[in-house]
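K.L.:
kindly generate the corresponding structure for this input.
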Amino acid sequence: MITNAFLFFILLFSGTAFAQTLPPASSCTSNDLQLVAATLTGGDICNSCTPGSTISRTLTLSINNKTGSTRTSFAFWGTLEIYNADGTLKSSTARTGCNGPILKNQINSVDFGTITYGCGESMKITNLFLAWTDASPGSTCPLNPATINPKCGTLPSIQVNAGVDGSFIVTNITCFGSKGSIDMTPFGGKAPYTFQWTATNGGVVPAGQATNEDLSNLVPGTYTVTIKDANNCTTTKSRNVTGPTAALAVGTCGKTDATCAGGDGSVSAGAVSNAVGTVSYSWKNASNVVVGNAANVSNLSAGTYTLTVTDACSSATGSATVGAPTPIATPSAGVTQQPNCNTATGTVTVTSPASGITYTLTQSGIVKYTAVNGVFGSVAAGTYGLNASNGNCSAAGNNVTVNQQPSTPAAPSAGVTQPSCSVATGTITVNNANSNLTYVLTGPSPAITTRSNNTGVFENLASGTYSLTAASNGCTSSATPETINQAPGAPAAPSLKITQPSLCGPSTGSIEVCNPIVGYTYTLVGGQGIVANGQPVVFSNLAAGSNPAVTVTNTDGCTSAAANCTDAAASCSSQLVSARVASSTNELSSPVSTANDLLLSQTTVKAYPNPFNDKVKFVVTAAQAGKGTLEVFNMLGQKVKTVYEGFVPAGTNNFELSLPGQKNSTLIYRFRMGENQLTGKLLQITR
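P.N.:
Next up, the predicted model:
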């Protein structure tokens, strides 16, 4: 379009370029001359040429002078556009020319220079500004723009006739399933024209349209037309109709499965093909809720997701299923076996273990124990974290604590309160008893009983050997043997010799104890006591009719029944005494009929502790002094050791035997004095 502003052109004359200012089109009011055609001349009737060659032709303009006067000159300014055979623009250059005369009342063919172009190319001149002179002979080229108006005009474009040709308007296919068209306008050469269409590259000439000027309902492809004019000149032109050859499609969608944590899966759209225009994406979950509007969507949970891809024409769908590994239930476990006295480790067992799951116990993130069956054996003391894994997923469970191995208490030591004359039972008392321990006393044989407490005091114990242990948390110490002796027996009532008052003798009587035992105390009932020391024990100055009575108290503090006048004899030597001989069991008896026998019957031997470990003490209470021997034998009669051999004073004598490193065994001790002997059993127990 030419505006009211002045236009600026580069004018070419004789190869020289210069600027030319043209008046506004509105000032061009004359309509005397018209440009009606543009033709290339200089060739044959068809303007034939060899394809691919460059040719030059003369530009001849046809100018219609409708006036009755010849005009001296005609000028134009415009743009020469040259197009390739496929219709694409090859070049665009400014073109101008001036020539004359323009004869009156006719169409004048006037040459305006040479145009060089390629064979098969077409051209037109656009944005034309036209000017002409009056009939004055002096109005010659070049024309002065300042003086040409109103003798001027404009023309949008004019096709240059370079031989038979055609112009094309191609309507391409926008969406798959729609159709394209070619609107062809023939020009050049000489009308009328005929047409012959063919198609390649997938194109199809619709039935009945092969000789049409225009084509419609076309599929994508190449369409070629041969145009023939009235001079039988031909030209062949091809145009491509483009568009999608298939419907919009989306390829296989991809996915990344979620991990055990969940919510971290993703989907990705497959390759989109045959799209027209801008493509949009919409992903929806199984609940038909949009989860993303991009080709790739992340942070997804397990499930199936549907994709809809939409372009300017249609839509296509695809889907992807995000998987997830099977979750693992939170494991739990407990300590089914804590360490005990004999085993330093424990056992941890998973509650309801699942198949295919590996369980581990960890400390500070480091795996310490692994079990596929849910049972951890030989677990050291400590606190552990429980974890379960199937190779993909894992889950943390509760903490479990295996206790320290309980310690075994030391063997207890105890004191023994032995039976007395007044109390027939004994008491075993643990030294420094610990209330956190349980003390167990077992024995004696054959009627074995067991007692336990945490005070360490065991009362009312019958005679015998007991086993004492201490226990804590199921751990039991080694046993300590303790012996309760038999309750000491009261001695026999003393034998008395009575001396009655006499008319010829003393006015009072006396009582003498026959064969008193050294260390025993003889007491006149209601009176004083006399401790036997090897001298005669005599109670004198006894009034007639007083019926005195005498008791004897042994070294154990036991007192006999009283002997009185009824039991007395006139002479000690006339009595036959049945005496008990002391032994380890206090049960050995033999009749004593002589003075030596009577003395031996008052001799006792005690051994303690019995049973013993490696040391045993003997207390020999001798009724009279003399040479004695104390020996120990095994059960085969073989002497083990002589404890003592030599003079034994009357009274209490202490001896000790040491037998370290011996096995459990039963021994016999024998004490001999003169021709008489005392024996008893010993039990050695090695701890």
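
K.L.:
what residues are up against Cys458?
P.N.:
One thing to correct before we go on: residue 458 is Phe, not Cys. Under the criterion of CB atoms under 8 Å, 6 or more residues apart in numbering, the neighbours of Phe458 are Thr427, Ile428, Thr429, Tyr439, Leu441, Arg451, Tyr466. C-beta coordinates here come from the backbone N, C-alpha and C atoms, glycine included.

K.L.:
and it, that's in a helix?
P.N.:
No - going by DSSP: H, G, I helix; E, B strand; the rest coil, the assignment for Phe458 is strand, not a helix.

K.L.:
beta-bridge partners for it, please?
P.N.:
On the basis of DSSP bridges, Phe458 is bridged to Ile428.

K.L.:
same list, the contacts of Phe458, but as CSV with pLDDT please.
P.N.:
Below are those laid out as CSV (pLDDT from 0 to 100):
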residue, pLDDT
Thr427, 94
Ile428, 93
Thr429, 95
Tyr439, 93
Leu441, 92
Arg451, 87
Tyr466, 89
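
K.L.:
top of those by number of neighbours, please.
P.N.:
Within the contacts of Phe458, neighbour counts (other CB atoms under 10 Å) peak at Tyr466, which reaches 26 neighbours.

K.L.:
host element of it?
P.N.:
Counting by DSSP states H and E, the element that carries Tyr466 is strand 464-472.

K.L.:
gap between that strand and the chain center?
P.N.:
Offset of strand 464-472 from its chain centre (CA atoms, centre = their mean, to the nearest Å): 51 Å.

K.L.:
counting by contacts, list what it packs against.
P.N.:
Here strand 464-472 touches strand 426-430, strand 438-443, strand 480-484, going by 3 or more CB pairs under 8 Å, 6 or more residues apart in numbering; DSSP states H and E.

K.L.:
residues in contact with the longest one?
P.N.:
When contacts are defined by CB under 8 Å, 6+ apart, strand 438-443 is touched by residues 412, 428, 430, 433, 448-456, 458, 461, 464-472, 476, 482.

K.L.:
Thr114 contacts Ser56, doesn't it?
P.N.:
Yes - in this structure Thr114 lies within contact range of Ser56 using CB atoms under 8 Å: 5.1 Å.

K.L.:
out of the contacts of Phe458, flag the one nearest to Gln363.
P.N.:
When the contacts of Phe458 are compared for distance to Gln363 (CB to CB), Tyr439 wins out at 38.3 Å.

K.L.:
beta partners of that closest one?
P.N.:
Asn453, Ala470.

K.L.:
show the backbone phi and psi for the residue of the chain positioned farthest from its centre.
P.N.:
Within the chain, the residue lying farthest from the chain centre (CA atoms, centre = their mean) is Cys504, at 120.8 Å. When quoted as degrees, to the nearest 10, the phi and psi of Cys504 stand at phi -100, psi -10.

K.L.:
can you check Ala25 too?
P.N.:
phi -60, psi -30.

K.L.:
likewise for Ser413?
P.N.:
Torsion angles, degrees, to the nearest 10, at Ser413: phi -110, psi 150.

K.L.:
ok, now Ala549?
P.N.:
Dihedral angles (degrees, to the nearest 10) for Ala549: phi -130, psi 150.
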